[in-house]
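[1] how would this look folded up:
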Amino acid sequence: MVTDYKYEQLESEKVFKDPVHSYIHVTDRIIWDLIKTKEFQRLRRIKQLGTLYFAFPSAEHSRFTHSLGVYEIVRKMVENFSRYDKWTKDDRLLALCAALLHDVGHGPFSHSFEKIFGTDHETYTKKIILGDTEVNRVLKRVDESFPEAVASVIAHTHENKLIISMISSQIDADRMDYLQRDSYVTGVEYGKFDIDRLLRVMVPSKDEVLIKDSGMHAVEDYLMSRYQMYWQIYFHPVSRGGEVLLTLIFNRAKELYERGYVFKQPPKYLIPFFEKRETVHDYLILDETVMNFYLQEWVEEIDEILNELADRFVNRKLFNYVPFYDGFITYSELESLFEAAGIDPKYFLLTDKYSDMPYDYDRPGSSRQPIHILKESGSIREISAESVVIQAITGLDRSNAKLYYPKEKVMRIKDDTIKKKILNLLNELS
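    Predicted coordinates:
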């Protein structure tokens, strides 16, 4: 019966041993069935941190383990919220399913894939949940409209704003898991914060998760951990250099395909993306196993640019990098010198710009939902109005840029005049 399945519990609890949460607990039949779907199992073959393993060799964990972690944090939130009258069994089911499936639409190499092929993981998450998939069939066993409800939580359009904020906000289960998990696997201390304390001081309201006044310092710790993780780990220039190579490789492969180049190993599973006609089925075939196969094969390609770039990625021969400042020197000047030296700047000279705002609030033009503190009096205050620490980083939009290039190719330039000009410009940046 559909009604029976909706709240059906497993005969015995299933647990996953986890280095971050100790154990991940599964008691609901629907959660267990979703974990077993091929679309969710695919996440085992998608790295959580893309190319960060170039900088931190142990950063090899998957979207699968992260998704289970987000589910576990939401499960704990749900347990805490269950004592409030606002919370129902239907809310619980929706929150758990949305938490588990929030990243099911991620492609290989994480966000690098999106930049290369113009895809969006949230769009594909929705397509997987609503399409002809095992995930969709499991969700429909609750009722025909349940897949749409789950998808609308992930798309931020569901009427229950509280559940949305639990999974996607400035203090959500997604961030709380990846900060702790990524800190653990990279071996750094930056991402650690008192997650148990944070969970204890969370209070559900109609539209968002509130933080008790007594928990303000735990939020300070959490936001500073996030700030440090972005600038010390996620924006690491070595990892970004790996993303630069990936971008160049697949741009070159696409260009060759469009020119009618005959590949020694035809990129069968990438052609729909080159032609921008990919389906959900095409998307789900792609994982990092498939992508790494092509990268390995392209090391032997006849095209010298493709085989060099692929060799650099496969064997970690990354480009050198220097800081890049707009206006200090012109990119076009370096580009012209590279061309004159016979080095194609399209594939051997690239700037990478990145920025982050550690905390924002409800000001004109901001799309971020602020964090609110619940005072003992019952009043609600935006957190930066209460915390001088958070006030100091509120609205801080920090940015940086690097210029990537192959130093050994520059050093092999035969024209000494051109080589000297390039090196002088690069030295100015350094």
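
[2] which residues touch stretch 392-399?
    With contacts defined as Cβ atoms under 8 Å, 6 or more residues apart in numbering, stretch 392-399 is touched by 223-224, 227, 231, 353-361, 363, 384. Every residue, glycine included, has its C-beta placed from N, CA and C.

[3] buried set for it?
    Across stretch 392-399, burial judged by 16 or more other Cβ atoms under 10 Å covers 393-394.

[4] what separates it from the chain centre, distance-wise?
    Counting by Cα atoms, centre = their mean, to the nearest Å, stretch 392-399 is centred 21 Å from the centre of its parent chain.

[5] likewise for stretch 197-216?
    The answer for stretch 197-216 is 25 Å, by Cα atoms, centre = their mean.

[6] and if you look at stretch 124-141?
    That offset, for stretch 124-141, works out to 21 Å (Cα atoms, centre = their mean).

[7] which parts of that stretch are buried?
    124-131, 133-136, 138-139, 141.

[8] and if you look at stretch 234-251?
    For stretch 234-251, by 16+ other Cβ under 10 Å, it's 234-237, 239-250.

[9] who's in contact with that stretch?
    49-52, 54-56, 109, 112, 115-117, 182, 270, 295, 298, 306, 309-310, 312-313, 318-319, 321, 347, 350, 352, 354, 356, 400, 402, 404.

[10] and those residues, which of them are buried?
    So, by 16+ other Cβ under 10 Å, the buried ones in the contacts of stretch 234-251 are 49-52, 54-56, 109, 112, 116-117, 182, 270, 295, 298, 306, 309-310, 312-313, 318-319, 321, 347, 350, 352, 354, 356, 400, 402, 404.

[11] got the contact list for the nearest residue to V15 once chain neighbours are set aside?
    Leaving aside its sequence neighbours, V15 sits nearest to Y23 (Cβ to Cβ, 6 or more residues apart in numbering; 4.8 Å). Listed by Cβ under 8 Å, 6+ apart, the contact partners of Y23 are 15-17.

[12] okay, and the beta partners of Y23?
    Residues in a beta bridge with Y23, per DSSP bridges, are K17.

[13] just give the nearest non-adjacent residue to Y354, would you?
    In space, Y354 is closest to F235, 5.5 Å off (Cβ to Cβ, 6+ apart).

[14] okay, the one you found and V188: tell me how far apart.
    13 Å (Cβ to Cβ, to the nearest Å).

[15] same question, Y53
    14 Å.

[16] just the contacts of stretch 234-251: which are in strands?
    Under the assignment DSSP state E, the contacts of stretch 234-251 contribute 321, 350, 352, 354, 356, 400, 402, 404 to strands.

[17] which one of those residues is nearest to D28?
    D356 (35.7 Å; Cβ to Cβ).

[18] so who does that closest one touch?
    The neighbours of D356, taking Cβ under 8 Å, 6+ apart as the test, are 227, 230-231, 235, 397-398.

[19] for it, list each beta-bridge partner.
    Bridge pairing for D356 - DSSP bridges - gives R398.

[20] buried residues in stretch 104-123?
    104-110, 112-114, 116-117, 119, 121-122.

[21] and the two most separated of these?
    Longest span within these, Cβ to Cβ: V104 and I116, 20.0 Å.

[22] okay, Y53 and V188: which has more neighbours?
    Y53 (19 against 15; other Cβ atoms under 10 Å).

[23] what's the separation between the more buried one and L284?
    23 Å.

[24] same deal with G215?
    40 Å.

[25] phi, psi for L374 please.
    For L374, the backbone dihedrals (degrees, to the nearest 10) come out as phi -100, psi 110.

[26] what's the closest non-adjacent residue to it?
    L210 is the one closest to L374 (Cβ to Cβ, 6+ apart), at 4.3 Å.

[27] my read: the one you found touches E382, true?
    No: in this structure L210 lies outside contact range of E382 using Cβ atoms under 8 Å: 11.2 Å.

[28] which neighbours do these two share?
    Common neighbours of L210 and E382 (Cβ under 8 Å, 6+ apart) are 372-373.
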